[in-house]
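Peer 1: what's the 3D shape of this:
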Amino acid sequence: MSTNIITRAGHETLKAELDDLWRVKRPDTTQKVQWAASLGDRSENADYQYNKKLLREIDRRVRYLRKRLEDVRVVDYAAEQEGRVYFGAWVEVQNEAGDSKRFRVVGYDEIYGRNDYISIDSPMARALLKKQVGDEVTVSTPGGDALWFIESIAYES
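Peer 2: Numbers count the residues shown, from 1 in each chain. As a prediction, this is how the structure comes out:
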């Protein structure tokens, strides 16, 4: 199971998605289902079947988001975090070969569709927690252990 924490921005994004689904997409899809149903035979009505399926998917996501927004705890930046890697940090690391990566350590719900975010539960984030610039960390990966050096740490306040 994932850690139930989220950044303020991530929480706002989930709330905005829920609002859009509930106030815009669901009423629009419901209207399409009603229109398609009014045409008669539903068994061979592609519009009806497609929009009915879409409505179920919207309802499933709405239920998930409502439950998730109740369960997660928003973690805001605190000045004590400065100089070390904690939740919400932007971290730049470099490996022995000189390859650099920059990412933000965030909650599980925030990583989808983002190549520059990693989950607090990932092996990389676990290895980096509480470390500071100049520290080296060993990250266990399926391909073996990898050594990374922390180049910079920054926070959005």
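Peer 1: show me what contacts the most centrally placed residue in the chain?
Peer 2: Central residue of the chain (C-alpha atoms, centre = their mean): E110, 1.6 Å from the mean position. When the contact criterion is C-beta atoms under 8 Å, 6 or more residues apart in numbering, the partners of E110 are 6-7, 9-10, 13, 117. In short, each C-beta sits where N, CA and C put it, glycine included.
Peer 1: for D76, state which of these is nearest.
Peer 2: Minimum distance to D76 across the contacts of E110 is 8.0 Å, recorded for T7 (C-beta to C-beta).
Peer 1: looks like the closest one contacts Y108 (just checking).
Peer 2: No: here T7 does not reach Y108: they are 11.6 Å apart, not a contact under C-beta atoms under 8 Å.
Peer 1: compare the two (neighbour count), which wins?
Peer 2: T7 (22 against 19; other C-beta atoms under 10 Å).
Peer 1: any idea how far the more buried one lies from Y117?
Peer 2: Noted for T7: a distance of 10 Å to Y117, by C-beta to C-beta, to the nearest Å.
Peer 1: and the longest strand for this protein?
Peer 2: Across the chain, the longest stretch assigned as strand under DSSP state E is strand 144-154.
Peer 1: count the neighbours of M124 for me.
Peer 2: Taking other C-beta under 10 Å as the neighbour definition, M124 ends up with a count of 19.
Peer 1: and stretch 133-146, which residues are buried?
Peer 2: For stretch 133-146, the neighbour count (16 or more other C-beta atoms under 10 Å) marks 137, 139, 146 as buried.
Peer 1: surely the first one is within a strand?
Peer 2: It stands for V137. Yes: residue state for V137 (DSSP: H, G, I helix; E, B strand; the rest coil) corresponds to a strand.
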